[in-house]
Structures are given as structure tokens and as C-alpha cells.
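Enquirer: The sequence isn't on hand, but the structure is:
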């Protein structure tokens with residue numbers, strides 16, 4: 001099985017590296033030549049164009065920043081779909097709109113190919129360590145076919161249902177994460193003002209009804225969780241820009257299906273403020289700095 005991998009950024013590069021290190025035959029492409037060269041050093045083959053990947057690979061994985069990039073790579077006369085062999089399996093690990101994913105899946109199927117949407121959770125650390133969570137939409141037979149690839153890059157792999165359901169799970173999960181990080185941050189800010197130090201409040205709340213992942217695994221204040229970005233000047237991790245993108249996707253989807261998500265909308269507004277204060281590339285847990293009024 002020849003694997004093509006397109007998009008070697010902060011997430012894509014370690015994911016492709018894990019595939020190489022697990023013995024898969026991987027051909028890679030990125031617009032940044034240095035990114036390709038780095039993957040070649042761990043065993044990948046360099047591709048000069050996406051067309052060459054389409055013509056030679058059995059499975060093609062994309063991990064790209066925005067839906068417009070996925071659409072540009074897949075469609076059109078020079079796109080992957082136009083040049084792929086019949087039976088090619090496309091796996092898009094990008095986080096994009098649900099409706100766009102479903103449109104791309106229909107187009108892939110019309111070309112006698114298969115399509116899975118497989119966005120991930122776990123951030124850069126999960127990508128590096130091969131501990132990502134995959135949320136996968138598409139046919140069960142294609143999901144089963146791709147399982148060995150998911151297992152090379154992650155540890156929690158879920159079939160969420162039909163095409164687009166992986167993206168639906170991702171944006172709902174990240175909306176919940178954005179909301180819970182804001183709530184956790186507000187609680188720490190208030191506790192501090194009321195005279196509780198961070199460790200004391202953490203010890204209590206992490207063993208009480210306020211316990212949540214944002215507190216126990218990704219605490220927004222330095223000290224209690226040594227591996228959290230708060231102990232490393234809020235270096236990502238998962239950037240504010242990425243969180244804001246997913247919150248926008250959640251609100252677009254909510255509007256399309258007529259669902260009210262007032263906390264999701266409020267989270268999007270707060271992360272927009274953080275982004276606009278020049279903190280787009282900080283970890284999303286830096287939302288606590290906005291709540292503290294400390295945006296230096």
C-alpha cells in the first residue's frame with residue numbers, strides 16, 4: 001500500500017513521520033521544500049507535484065489549514081480527484097466545514113474513489129507521540145481499510161458514521177473545549193482574587209464537581225499541571241487561531257441546521273478578541289490572559 005501525504009505543517013509532519021517510522025511507504029508533498037526534505041530524512045519519498053502523488057498512491061492523506069486549501073488540492077483539472085487511480089482512498093484529516101466535506105466525498109465517489117473525513121484531537125504533542133484521537137466519517141469498509149494507518153498515528157479511533165460525521169464530531173468537541181477552557185479560566189481568576197492560590201484551588205476543584213479536562217490535563221495557570229502550555233509561556237499546543245477556526249465552523253454549522261449555541265457564540269467572540277490582540281499563535285489556554293486583563 002503506497003501512501004501519499006499532503007500538508008507537512010505542525011500536525012502533518014509528525015503524523016507522516018509516524019507512518020514512516022511504522023514502516024509504511026510514504027510519498028510526501030508540501031509547498032515548503034524544507035518540510036519535504038525533513039520527511040525524506042526519516043524515510044519518505046519526495047513528490048514534485050500533487051499530480052504525481054495522485055497517480056502513484058493507493059491512499060492519500062491531506063492535513064491542510066483551511067477548507068479552501070483542501071478544495072484546491074482535490075478539485076479542478078490539476079487536482080487529486082482528476083488524476084487518482086480508481087479505488088484510491090482519500091483521507092482528509094483537516095478540520096473543515098461539514099457541508100464541504102460531504103460535497104468532496106460525493107465528488108470522490110463520482111470518480112470511483114473512496115473518501116473518509118478524519119479530523120483529529122490531541123494537538124502537536126499528540127501528533128508527535130502518535131496518541132491522536134481520530135473522529136472518522138464515511139463507509140465502514142473504508143474505515144476498516146484505513147485502520148492500520150490510524151493506529152500508526154493515534155490511539156483512540158472512532159467511526160462516527162457517514163460522510164461528514166467526523167467533522168461534525170470535531171467541531172462539537174472543540175466548541176465544548178473552547179467553552180470549558182473559558183469557564184476554567186474564569187474560575188481560576190475569581191479564586192485568585194478571593195484569596196485562593198492556584199495550587200489550592202486546583203487540588204480542590206480537580207477532585208470536586210468542577211473537574212474537567214481543561215483543568216486536569218491542560219490547566220491554564222502555571223504550576224498544577226507541569227506539561228500544560230501555561231508552564232511554557234503558553235506556547236502551543238493548539239493555537240488560538242486554530243480554536244477560533246473551529247469555533248467559527250461550529251457556529252456556521254449551527255446556523256445551517258437552526259440550532260442555538262449561545263455559549264459557543266460567546267466563546268467565538270472571546271477568542272476573536274484574543275486573536276485580534278496579537279495572540280493568534282499562542283496556545284488557546286492563553287484566553288486566561290484576556291480574562292485577567294494581561295495581554296502583554
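Expert: Here it is on my side, so go on. Note that the coordinates shown come from a computational prediction; the quantities given were computed from them, not determined experimentally.
Enquirer: Now do the contacts for the spatially most central residue of the chain.
Expert: Nearest to the centroid of the C-alpha atoms of the chain, with distances taken as CA atoms, centre = their mean, sits residue 120, at 4.6 Å. Contacts for residue 120 (CB atoms under 8 Å, 6 or more residues apart in numbering) come out as 11, 15, 93, 126, 127, 132, 133, 134, 135, 153, 154, 170. Any C-beta I mention is one placed from the backbone N, CA and C, and that applies to glycine too.
Enquirer: Give me the helix or strand of this structure that scores worst on average pLDDT.
Expert: Least confident helix or strand, the chain: helix 123-129 with a mean of 92, by mean pLDDT, DSSP states H and E.
Enquirer: on that earlier part again, and the residue nearest to the centre of the chain, how far is that from residue 11?
Expert: 7 Å (CB to CB, to the nearest Å).
Enquirer: what does residue 215 give?
Expert: 24 Å.
Enquirer: what does residue 244 give?
Expert: 16 Å.
Enquirer: Outline the domain layout of this structure.
Expert: Annotated domains of the chain cover 2-162, 168-292 [automatic domain parsing].
Enquirer: just the ones you listed: most buried one?
Expert: domain 2-162 (a mean of 20; mean count of other CB atoms under 10 Å).
Enquirer: Show me what the longest strand along the chain is packed against.
Expert: Criterion DSSP state E: the longest strand present in the chain is strand 154-161. Packing partners of strand 154-161 (3 or more CB pairs under 8 Å, 6 or more residues apart in numbering; DSSP states H and E): strand 132-137, helix 140-153, helix 165-193.
Enquirer: Shouldn't residue 287 be within a helix?
Expert: Yes. Counting by DSSP: H, G, I helix; E, B strand; the rest coil, residue 287 falls inside a helix.
Enquirer: Surely it is in contact with residue 220?
Expert: Yes. Counting by CB atoms under 8 Å, residue 287 does reach residue 220; the two are 7.1 Å apart.
Enquirer: Overlap in contacts, those two.
Expert: Common neighbours of residue 287 and residue 220 (CB under 8 Å, 6+ apart) are 181, 185.
Enquirer: Contacts only, for residue 132.
Expert: 15, 120, 121, 122, 126, 153, 154, 155, 156.
Enquirer: Turn these into TSV, columns for distance to residue 239.
Expert: Supplementary listing: these in TSV, determined by distance: CB to CB, whole Å:
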residue	distance to residue 239
15	17
120	15
121	14
122	14
126	14
153	20
154	20
155	23
156	22
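Enquirer: contacting residues for the residue lying farthest from the centre of the chain?
Expert: Farthest-out residue of the chain from its mean C-alpha position, per CA atoms, centre = their mean: residue 195, at 37.1 Å. Neighbouring residues of residue 195 by CB under 8 Å, 6+ apart: there are none.
Enquirer: With the one 4 residues further on instead?
Expert: For residue 199, the residues meeting the contact criterion (CB under 8 Å, 6+ apart) are 223, 224.
Enquirer: pLDDT score assigned to it?
Expert: Residue 199 is assigned a pLDDT of 97 by the prediction.
Enquirer: and it, how far is that from residue 206?
Expert: Residue 199 is 10 Å from residue 206, by CB to CB.
Enquirer: Residue 295 too?
Expert: 27 Å.
Enquirer: Where does the prediction get shaky in the stretch 51-200 of the chain?
Expert: Within the stretch 51-200 of the chain, no range satisfies pLDDT under 70.
Enquirer: okay but residue 4 is in contact with residue 30, surely?
Expert: No. Here residue 4 lies out of contact with residue 30, judged by CB under 8 Å, at a distance of 11.8 Å.
Enquirer: gap between the least confident helix or strand of the chain and the chain center?
Expert: Centroid separation between helix 123-129 and its chain, computed with CA atoms, centre = their mean, to the nearest Å, is 10 Å.
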